[in-house]
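Model the following, please.
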Amino acid sequence: MEIDNDHDFRVYKVNLKSIIKYQQFLIRFVDDINKLLSVPIALLMVSSVTMICSSLYVRTTQ
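Okay, the predicted model is just below:
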């Protein structure tokens with residue numbers, strides 16, 4: 001994008017600020033989701049591994 005005059009520069013600056021604010025929002029959103037879901041997902045992984053191991057154990061012993 002070429003900036004030929006002051007108007008183009010102002011539009012570019014406004015658009016850039018908007019993009020930066022949106023990116024900051026996304027970073028905060030991802031951090032909040034991570035804090036909210038990290039423990040439940042860890043528990044889900046542990047329970048899934050336990051179920052898979054117990055199922056395989058039962059399958060191999062019969």
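
host element of the most centrally placed residue in the chain?
With distances taken as Cα atoms, centre = their mean, V30 lies nearest the centre of the chain, 4.4 Å away. Assigned by DSSP states H and E, V30 belongs to helix 6-61.

Could I get the average pLDDT for that helix?
Across helix 6-61, the average pLDDT comes to 95.

Relative to S54, how far out is the residue nearest to the centre of the chain?
V30 sits 34 Å away from S54, taking Cβ to Cβ, to the nearest Å as the criterion. For glycine as for every other residue, the C-beta is placed from the backbone atoms N, C-alpha and C.

got it, and N15?
Counting by Cβ to Cβ, the gap from N15 to S54 is 56 Å.

same check, this time on D4
Going from D4 to S54 by Cβ to Cβ gives 69 Å.

Which of these two has more residues huddled nearby?
S54 (10 against 7; other Cβ atoms under 10 Å).

any idea how far L43 is from the more buried one?
Here S54 is placed at a distance of 16 Å from L43 (Cβ to Cβ).

Equivalent analysis for K21, please.
35 Å.

next one: Y12
Taken as Cβ to Cβ, the span from Y12 to L43 is 47 Å.

of those two, who's got more company?
Between Y12 and L43, counted using other Cβ under 10 Å, Y12 has the larger neighbour count: 13 against 10.

Please name the nearest non-neighbouring residue to the more buried one.
Leaving aside its chain neighbours, Y12 sits nearest to I3 (5.8 Å; criterion: Cβ to Cβ, 6 or more residues apart in numbering).
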